[in-house]
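Student: Attaching a predicted model along with its sequence, questions to come.
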2 protein chains.
Amino acid sequence: MNRLKCIIGYDGTNFSGYQIQPNKRTVQADFERTLQKMHKGDLVKIVASGRTDANVHAVGQVIHFDSNLEIPETSWKRALNSMLPEDIQVHSVEFVKEDFHARFDVKAKEYRYKLLLSKDRNVFKRNYAYHYPYPLDFNAMNNATSYLVGTHDFTSFCAAKTEVKDKVRTIYQITIDQQEEELIFSFIGNGFLYNMVRILVGTLLDVGRGHIPAVKMKEILAQKDRSYSGKTVPGQGLYLWEVFYQDWKNV
Amino acid sequence: MNRLKCIIGYDGTNFSGYQIQPNKRTVQADFERTLQKMHKGDLVKIVASGRTDANVHAVGQVIHFDSNLEIPETSWKRALNSMLPEDIQVHSVEFVKEDFHARFDVKAKEYRYKLLLSKDRNVFKRNYAYHYPYPLDFNAMNNATSYLVGTHDFTSFCAAKTEVKDKVRTIYQITIDQQEEELIFSFIGNGFLYNMVRILVGTLLDVGRGHIPAVKMKEILAQKDRSYSGKTVPGQGLYLWEVFYQDWKNV
């Protein structure tokens, strides 16, 4: 029996998210169906670093599973990619210790969020960025991120319905980069609450538009109340970019 | 009554091509449905520079139609974009003379074809490029294009079932550019036969792989027989890039 760690990517457009749900197309269900075929009908469960929602993409999602197939480590990637649907791909496969756990061992994650700033919408980017054709004050937004970096109770930036009790998380780094007509937010932290990145971006956009001052972030955090932060931006701009299993260090 | 010329773009992924077909989703049907709503139920036919096939994209398709609506020229673009489906967009609208014809007046067209050369497939590009992870001899391919530029009978590069009689066309320019992991072919000519660009690319790839020498292009043209040329590459790599209504001049 081998435990395998896979870095996978998927285009979230045609999935109802990562996690299995009845009568919905999900990444987990499609991946497990592929494994079941490879294992002659035996069910093989996969464990991911965390879920992603409907329409959310992944460039560096990590999963693990156990297999008794006698496939060499270097042949797994090709074997999986040849059987997976075309909107899921495996970037790498490695044999890991039997106690490696894709979720419990996570030390940090990077999420990115893409805005399309162009005046006109773009048919080719409609599923891959959030069209936001409004003037933004980048300085104010960067200023606002300084209040968010660090260890805070992020209750105000978490979907109200979440059942997780401890809402203290640490954000190591936030960057905002313009690349041609796109604005790319990057968030690296030790963990993210439900909808946290999308609410953070929505609130930073309120700052960028001048609707609230950057320093207001401090107050929003202190309120510990979802109703004080901005709206949840749409899923199609969000990418699970990388999962770190070693302490994240700014380099 | 005004005649309107629109430059439009569409993501061909979820269309069965441009032209109306019963029980299929097509660009023409969706555009005419939008116009019908705007014209209180009156049917408004559109005329395009030419058709595109299933999965083929357009960046600069041109259409015309006539309308008696009293919408100012500068308001049409926004009005259309607010009602069209999200995979069709209007780039520009202008009032033109009543005898302008989007198909008959075409002087030249540019098509582009995108290959993804990376070893691994890419979930985000699966509908927008043809994955071709094989080594290619770019010199040989560029060499081969020199035999294709000019006025020739392109019968060998036309789907066999075509009913068009005159298969003489002029290609003004062919370029092949590598941009990171993509290889982009551009073809500019006074007209293109059915599947012509896709067969030209398929044949140039045979040259690039070393399966046939560049000079063989001369012989393939002379044969005037589809069975001598290469395979038809898939539609999702093809883009109708620009339509010219003035003589095309290499600048």
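Tutor: Alright, I've got the coordinates. All values derive from a computational prediction rather than experimental measurement. Numbers count the residues shown, from 1 in each chain, chains lettered A, B, ... in the order given.

Student: For the stretch 151-251 of chain A, which segments count as strands?
Tutor: A:168-179, A:182-189, A:238-244 (DSSP state E, counting those that start in this stretch).

Student: pLDDT below threshold where in the stretch 151-251 of chain A?
Tutor: For the stretch 151-251 of chain A, residues meeting the criterion pLDDT under 70 lie at A:250-251.

Student: for the residue in the stretch 101-250 of chain A that chain B sits nearest to, what are its contacts?
Tutor: Residue of the stretch 101-250 of chain A nearest chain B, by C-beta to the nearest C-beta: residue A:123 (4.3 Å). Where you see a C-beta, it was placed from the backbone N, CA and C, and this is true even at glycine. For residue A:123, the contact set (C-beta atoms under 8 Å, 6 or more residues apart in numbering or on different chains) comprises B:9, B:10, B:11, B:86, B:87, B:88, B:89.

Student: Quick check: the last one vs residue B:17, distance?
Tutor: Relative to residue B:17, residue B:89 is positioned 18 Å away (C-beta to C-beta, to the nearest Å).

Student: Repeat that for the third one.
Tutor: Distance, residue B:11 to residue B:17, by C-beta to C-beta: 13 Å.

Student: Which one's more surrounded, these two?
Tutor: Neighbour totals were compared for residue B:11 and residue B:17, and residue B:11 leads with 24 against 19 (other C-beta atoms under 10 Å in any protein chain shown).

Student: So that one sits against residue A:125, correct?
Tutor: No: using C-beta atoms under 8 Å, residue B:11 is not in contact with residue A:125, being 9.4 Å away.

Student: can you count the residues close to the nearest residue to residue A:134 once chain neighbours are set aside?
Tutor: What sits nearest to residue A:134 in space, not counting adjacent residues and going by C-beta to C-beta, 6 or more residues apart in numbering or on different chains, is residue A:209, at 6.1 Å. Residue A:209 has 16 neighbours, counted by other C-beta under 10 Å.

Student: burial count for the closest residue to residue A:13 other than its chain neighbours?
Tutor: Spatial nearest neighbour of residue A:13, chain neighbours left out: residue A:127 (4.4 Å); criterion: C-beta to C-beta, 6+ apart. Look at residue A:127: counted by other C-beta under 10 Å, it has 21 neighbours.

Student: Check whether residue A:127 really touches residue A:236, as I assumed.
Tutor: Yes: counting by C-beta under 8 Å, residue A:236 is a contact partner of residue A:127 at 5.1 Å.

Student: Overlap in contacts, those two.
Tutor: A:13, A:55.

Student: Measure how whatever helix or strand residue A:111 lives in sits relative to strand A:238-244, angle-wise.
Tutor: Residue A:111 is part of strand A:108-116, with elements assigned from DSSP states H and E. Orientation note: strand A:108-116 sits at an angle of 160 degrees relative to strand A:238-244 (axes from the mean of the first three to the mean of the last three C-alpha atoms, to 10 degrees).

Student: Return the residues of chain A in contact with chain B.
Tutor: Contact residues (C-beta under 8 Å from any C-beta of the partner chain) of chain A with chain B: A:9-11, A:57, A:81, A:86-89, A:91, A:120-124, A:126, A:128.

Student: could you flag which of those residues are buried?
Tutor: A:9-11, A:57, A:81, A:87-89, A:120, A:123-124, A:126, A:128 (16 or more other C-beta atoms under 10 Å in any protein chain shown).

Student: Now intersect these with the helices, please.
Tutor: Counting by DSSP state H, the part of those found in helices is residue A:81.

Student: Looking at the buried ones among the residues of chain A next to chain B, which is nearest residue B:49?
Tutor: Distances from residue B:49 to those, taken as C-beta to C-beta, are shortest for residue A:123 (17.7 Å).

Student: Kindly confirm my reading that residue A:7 forms part of a strand.
Tutor: Yes: Residue A:7 sits within a strand when classified using DSSP: H, G, I helix; E, B strand; the rest coil.

Student: and chain A, what are its domains?
Tutor: A:2-96, A:108-244 (automatic domain parsing).

Student: Pull the distance from the longest one to the chain's centre.
Tutor: Average the C-alpha atoms of domain A:108-244, do the same for its chain, and the two points are 12 Å apart (C-alpha atoms, centre = their mean, to the nearest Å).

Student: The first one now?
Tutor: When C-alpha coordinates are averaged (C-alpha atoms, centre = their mean), domain A:2-96 and its chain have centres 16 Å apart.

Student: quick check: mean pLDDT across that domain?
Tutor: Mean pLDDT, domain A:2-96: 97.

Student: List the contacts of stretch A:205-224.
Tutor: Here stretch A:205-224 has contacts from A:132, A:134-138, A:140-141, A:143-144, A:146-148, A:152-157, A:167, A:203, A:228-230, A:233, using C-beta under 8 Å, 6+ apart.

Student: Which members of those are classed as buried?
Tutor: Buried, going by 16+ other C-beta under 10 Å: A:132, A:136, A:140-141, A:144, A:147-148, A:152, A:154-157, A:167, A:203, A:228-230, A:233, out of those.

Student: Using TSV, please lay out the domains of chain A together with distance to residue B:175.
Tutor: Output for those, formatted as TSV (distance: least, C-beta to C-beta, whole Å):
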stretch	distance to residue B:175
domain A:2-96	29
domain A:108-244	21
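
Student: out of those domains, nearest to residue B:75?
Tutor: Using C-beta to C-beta, those put domain A:108-244 closest to residue B:75, at 14.9 Å.

Student: Between the two ends of that closest one, what distance do you get?
Tutor: 5 Å (C-alpha to C-alpha, to the nearest Å).

Student: quick one: contacts for residue A:116?
Tutor: Counted by C-beta under 8 Å, 6+ apart, residue A:116 has contacts A:122, A:125, A:129, A:130, A:131, A:132, A:133, A:181, A:182.

Student: Now do the buried residues in stretch A:26-46.
Tutor: A:26, A:27, A:28, A:29, A:30, A:31, A:32, A:34, A:35, A:38, A:44, A:46.

Student: Can you name the residues in contact with that stretch?
Tutor: So stretch A:26-46 is in contact with A:8, A:10, A:12, A:15-20, A:48, A:52, A:58, A:61, A:63-69, A:79-80, A:83-85, A:88, going by C-beta under 8 Å, 6+ apart.

Student: from these, which ones fall inside helices?
Tutor: A:79, A:80, A:83.

Student: Now the buried members of those.
Tutor: Buried among these (16+ other C-beta under 10 Å): A:79, A:80.

Student: Got the phi and psi for the residue nearest to residue A:13?
Tutor: With angles defined as degrees, to the nearest 10, residue A:127 sits at phi -100, psi 0.

Student: next one: the one 5 residues further on
Tutor: Torsion angles at residue A:132 (phi, psi; degrees, to the nearest 10) stand at phi -140, psi 80.
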